[in-house]
Structure formats: C-alpha cells, structure tokens
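> quick one, fold the following:
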Amino acid sequence: MLQFFEKSTGHDITEFLKELKYDALHVKDINALKNESLYVGFNGNKFVAPQSVITKEMVDDIAFKADIRIHAIIPMFPTEEQLGEIVEFLKQNENE
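Numbering: from 1, shown residues only. Reported below is the predicted structural model:
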C-alpha cells in the first residue's frame, strides 16, 4: 500500500507523514495563510496582496493534501441507494 502511494503520487510516504504531522500541529498558521491568500489584507499600514503571502507551490501542496483527504473519506459516505434505504428505514421506525 505504501509503495502504491509513493508510485502513484511521486511523494515519499515518510516525508508526507512528517508534513501531515507538521500540518496537524500548525492548523492555525496554515488557516491564516489560506485566508491571507484569498483576500487583500493589511500588514501595518500597507496593503498585502495574496501572491506575496502564499506561493503557487504552497497552493499546490494544500490542494494535493486536500485531494488525499477527500479520497480517504469518500468510501465512508453512503451511496444514493443506501441513503434511500436509510430514509425508508427511518420512516418505518419513526415512532420507536
């Protein structure tokens, strides 16, 4: 599995896990960078453009990790058919 990850993504799994640990410990900093990358802000009395705060490489890294997270949780969501079964079960058992 780990070799598949490395081969399909081109990322070393050990380095990737270190990055994820760093990200988990620095969520507030990363979120601040994300917000600063979306809006023109102020630093003291000067305007700060998003491109001066976050680089394309940083955006690509954030997108890559978000894509990994999305693919990790997709199997946890029920299919449309399963949702229909859940709704039907709840309707039949609403008084219990």
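> for the rest of this, base every contact and every neighbour count on C-alpha atoms.
Noted.
> next one: phi and psi at the spatially most central residue of the chain?
With distances taken as C-alpha atoms, centre = their mean, the residue of the chain nearest its centroid is A66 (2.8 Å). Here is the backbone geometry of A66 (degrees, to the nearest 10): phi -70, psi -40.
> tell me the SS of the residue sitting furthest away from the middle of the chain?
Within the chain, the residue lying farthest from the chain centre (C-alpha atoms, centre = their mean) is N95, at 38.9 Å. Under DSSP: H, G, I helix; E, B strand; the rest coil, N95 falls in the coil class.
> and it, what pLDDT?
N95 carries a pLDDT score of 77 in this model.
> likewise R69?
pLDDT for R69: 81.
> tell me the helix or strand right after the helix or strand harbouring it.
Applying DSSP states H and E as the criterion places R69 in helix 56-73. Counting by DSSP H and E, the next helix or strand C-terminal to helix 56-73 is helix 80-92.
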